[in-house]
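[1] Output the structure for:
(one chain, ligands or ions: 1)
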Amino acid sequence: MPSYADFHRRSLQDRENFWAEQARLIDWQVPPQQACDNSKPPFARWFAGGTTNLCHNAVDRHLKDRAEQAALIYVSTETNQERVYSFRELHREVQKMAAVLASLGAGKGDRVLIYMPMIPEAVFAMLACARIGAIHSVVFGGFASVSLATRIEDAEPKVIVSADAGSRGGKVVPYKPLLDEAVRLSSYQPQAVLLVDRGLAPMEKVPGRDHDWATLADQHARSEVPCTWLDAADISYTIYTSGTTGRPKGVQRDVGGYAVALAASMKHIFLAKAGETYFSTSDIGWVVGHSYIVYGPLIAGMATILYEGLPVRPDAGIWWSLVEKYKVTSMFSAPTAVRVLKKQDPAFLKKYNLSSLKALFLAGEPLDEPTARWISDGLGVPVIDNYWQTESGWPILTIANGVEPQASKFGSPGLPMYGYDVRLVHESTGEELKEPGQKGVVVIAGPTPPGFMQTVWRDDGRYVDTYWKSIPGQEVYSTFDWGIRDADGYYYILGRTDDVINVAGHRLGTREIEESISSHPNVAEVAVVGVADALKGQVAMAFCVPRDASGLVDEAAKLKLEGEIMKVVDEQLGAVARPARVRFVTLLPKTRSGKLLRRAIQAVCEGRDAGDLTTIEDPSALQQIKDLLKPAGE
Ligand code: AMP
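    Got it, this is the predicted structure:
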């Protein structure tokens, strides 16, 4: 067994051979002759010239050895449904969906936008796109019409796949009206909308545009749709993520590099074995859902659990009951979910037989030590933090216990993963920080590894300018996270360097929320900041300058306006983006050149020192916020 340090070194210094070996973990129709083409940095092209297909690797490839084994396990505690699809059944469903999408005009290179709750048809749609070479763009079902409209306009999908409704905590959340409103707002119009009718909410169909899944699926019940062989560097999907501007970026990923990266990560990081069961509690609308609900486990020949519901309903034992029932070996969740469970009766952790479980992986936000200890003691298995981003598609920092078992350290996601040349640099000089304990920006030197984003959809310039030009004098990829490294090479992540916030593991742009709030007629100006929260990691706080404050004479009037503003955000962006509080001030803290001092506001909200305020235009603005936050009576 090589040491992990050697493994990592080889991945960078003997890149071609290392990745050619990893490429053998998947099936190719034409094997690649070269691993990395880095002739046009920073655009690394992986395995170009090789041809393969993600759906073939996730489904068809397993028919030979495990056709009757479980592939997709669907559990909904919202609609009380439970269904296991074998690889053979999944193969059939995916072909049906592929035939239906093709009949609606979707083909290679066309975009298909998927706006769906956590139901099997969402997975069929993703795999069907991969099968026919259509580019899927899954939009989180919790987003509302304006968020969806921006994504429709950017992706220009030929077909949209959606459903009548989702359900959360037993409450039906209709999707169709939000979709109709989004299409109305969008300057781009899709050719067809395919709708899964779950019987949860009435739907009005637009004649000529809207199609019923069940009817078309019947017509294509026996259709056979072979996999389209794609170049490894072709596009598999785009997924939108927030940045510092109000406009989300379409993170674009390839086919072959992604398949290899996932297959390798399942083996080296996630301790996967074909025939076992993987349970990721994420949502298909996020990158974790793409990589570790759908593609990763299936490529590894594992059964994957698709769970629709809350972690505490019908009770806080629901996830552990699934671990027992389906003999889950690897589980993946987020720190917030564990903090939610921690508030419940700890007896739930002991109620079920969890002996199948090898490890719990947590990602998406910083993992605090008390949470890590609580769950690790409760489950009696290692808890493995992993740090990554929508952009990377798989972990950047963690422990590759499948290569060499190594100790985790509380508070640290771990070591740079193979393929990643991770460094720390000084934010303003760009100088590399080599000494332990120095704080800097976490960057990645190119070429980026397989599976990493190829570019921003239709905007190479934005990819280069946003990610590769932010560090002075260096062409390196910036993660926009602060970090430090200890003497053993373990990294610690200290939060974002930009205006992105992380609420319950969900990444949100403060600018997007500000733009939405500004559309309320009585909002003249607004600043949104992320504030530390014991449960969700961070929550959004909004400070508004009203156009007309004359009506805001008492607390009741302020609460009314606060409620109205929250409703605007709910309707436009979705409840995930709703600020925890909206407070009213007469002016916002800005520099003399008019730049919002978000960091100073955040510091004040968190009870920290506001830092250097020499550039502030009017210090009373910050004082107003301090006064607002004082507990009553002080
Ligand atoms: P997303 O693209 O939504 O996955 O968000 C990525 C961001 O979440 C990163 O840039 C970090 O700020 C944060 N993040 C993800 N995983 C971790 C982790 N394990 N520890 C600390 N922060 C994390």
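[2] so is the residue of the stretch 451-600 of the chain found nearest the ligand in a helix, a strand, or just coil?
    Closest contact between the stretch 451-600 of the chain and the ligand, by C-beta to the nearest ligand atom, is at residue 507 (3.3 Å). Glycine gets a C-beta too; all of them are placed from N, C-alpha and C. Per DSSP: H, G, I helix; E, B strand; the rest coil, the secondary structure class of residue 507 is strand.
[3] and the residue lying closest to residue 304 once chain neighbours are set aside, how many neighbours does it have?
    Spatial nearest neighbour of residue 304, excluding adjacent residues (C-beta to C-beta, 6 or more residues apart in numbering): residue 297 at 3.9 Å. Residues near residue 297, counting by other C-beta atoms under 10 Å, number 29.
[4] cool, and the one 4 residues further on?
    The local packing of residue 301 (other C-beta under 10 Å) involves 21 other residues.
[5] Assign a three-state SS to it, would you?
    coil.
[6] wait, isn't it in contact with residue 66?
    Yes. Counting by C-beta atoms under 8 Å, residue 301 touches residue 66, with 6.1 Å between them.
[7] any residues in contact with both of the two?
    274-275 (C-beta atoms under 8 Å, 6 or more residues apart in numbering).
[8] Would you mind listing what in the stretch 201-350 of the chain touches the ligand?
    Residues of the stretch 201-350 of the chain lying near the ligand by C-beta under 6 Å from any ligand atom: 241, 287.
[9] let's see 8 Å
    Contact residues, the stretch 201-350 of the chain versus the ligand (C-beta under 8 Å from any ligand atom): 241-242, 286-288, 335.
[10] Out of these, which sit inside strands?
    Of the positions in these, residue 241 sit in strands, assigned by DSSP state E.
[11] want to try TSV for the residues of the stretch 201-350 of the chain next to the ligand, with pLDDT as columns?
    Formatted as TSV, these follow (pLDDT from 0 to 100):
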residue	pLDDT
241	93
242	85
286	96
287	97
288	98
335	95
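[12] Make JSON lines out of the residues of the stretch 201-350 of the chain next to the ligand and add distance to residue 566 and neighbour count.
    Shown next, in JSON lines, are these (distance: C-beta to C-beta, whole Å; neighbours: other C-beta atoms under 10 Å):
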{"residue": "241", "distance to residue 566": "24", "neighbour count": "20"}
{"residue": "242", "distance to residue 566": "19", "neighbour count": "25"}
{"residue": "286", "distance to residue 566": "23", "neighbour count": "23"}
{"residue": "287", "distance to residue 566": "27", "neighbour count": "25"}
{"residue": "288", "distance to residue 566": "27", "neighbour count": "26"}
{"residue": "335", "distance to residue 566": "25", "neighbour count": "24"}
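[13] coming back round to it: now do the same for the residue nearest to residue 304: helix, strand or coil?
    With three-state DSSP as the basis, residue 297 sits in helix.
[14] ok, now how distant is it from residue 154?
    29 Å (C-beta to C-beta, to the nearest Å).
[15] ditto for residue 579
    Distance, residue 579 to residue 154, using C-beta to C-beta: 25 Å.
[16] do residue 392 as well
    Distance from residue 392 to residue 154, by C-beta to C-beta: 21 Å.
[17] Just list the residues touching residue 3, thanks.
    Listed by C-beta under 8 Å, 6+ apart, the contact partners of residue 3 are residue 404.
[18] near the ligand at all, the one helix or strand residue 538 maps to?
    Using DSSP states H and E, residue 538 falls within strand 537-546. No. On the criterion C-beta under 8 Å from any ligand atom, strand 537-546 is out of touch with the ligand, staying 8.6 Å away.
[19] Packing partners of that strand?
    Packing contacts for strand 537-546, counted by 3 or more C-beta pairs under 8 Å, 6 or more residues apart in numbering; DSSP states H and E, involve strand 500-503, helix 510-518, strand 523-533, helix 555-572, strand 581-584.
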